[in-house]
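Peer 1: sequence first, predicted coordinates after that:
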Amino acid sequence: MARSRKQAWLRDELILALDLYVREGKGANVVARRQVSDLLRAIPIENELTSDAGFRGEKAVAYKLYNFVHRSGAGPDWNG
């Protein structure tokens, strides 16, 4: 089953979020996350989705940063 566009991030979107993660890590401040969010929402790909405040919003960017933490293995050891 295909994921919705709201859930599936494009390569360019991931690169912008990953750049923030590399520069500031999972603890990127709200201002930096909002800047990336504004940039993501300005990409003229899904104009109908940008009316949804949650689409690539600051919280979505924060969530993506934590996805990177999980994928990098830099998060807590959940196996005990």
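Peer 2: Received it, and whenever you're ready, just let me know what you need. Residues are numbered from 1 along each chain as shown.

Peer 1: report the separation between the most centrally placed residue in the chain and residue 32.
Peer 2: Centroid-nearest residue in the chain: residue 61, 3.1 Å away (criterion: CA atoms, centre = their mean). Going from residue 61 to residue 32 by CB to CB, to the nearest Å gives 9 Å. C-beta: built from backbone N, CA, C; applies to glycine.

Peer 1: overlap in contacts of the two?
Peer 2: residue 20 (CB atoms under 8 Å, 6 or more residues apart in numbering).

Peer 1: which of the helices or strands spans residue 31?
Peer 2: helix 30-42 (DSSP states H and E).

Peer 1: so which bits of that helix are buried?
Peer 2: Buried residues in helix 30-42, counted by 16 or more other CB atoms under 10 Å: 32, 33, 35, 36, 37, 40, 41.

Peer 1: go on, stretch 8-20?
Peer 2: 9, 13, 16, 17, 20.

Peer 1: got phi/psi on the first one?
Peer 2: This means residue 9. phi -90, psi 140 (degrees, to the nearest 10).

Peer 1: enumerate every residue touching it.
Peer 2: Contacts of residue 9 (CB under 8 Å, 6+ apart): 17, 64.

Peer 1: the helices in this protein, which residues?
Peer 2: Secondary structure of the chain (DSSP state H): helices at 11-24, 30-42, 58-72.
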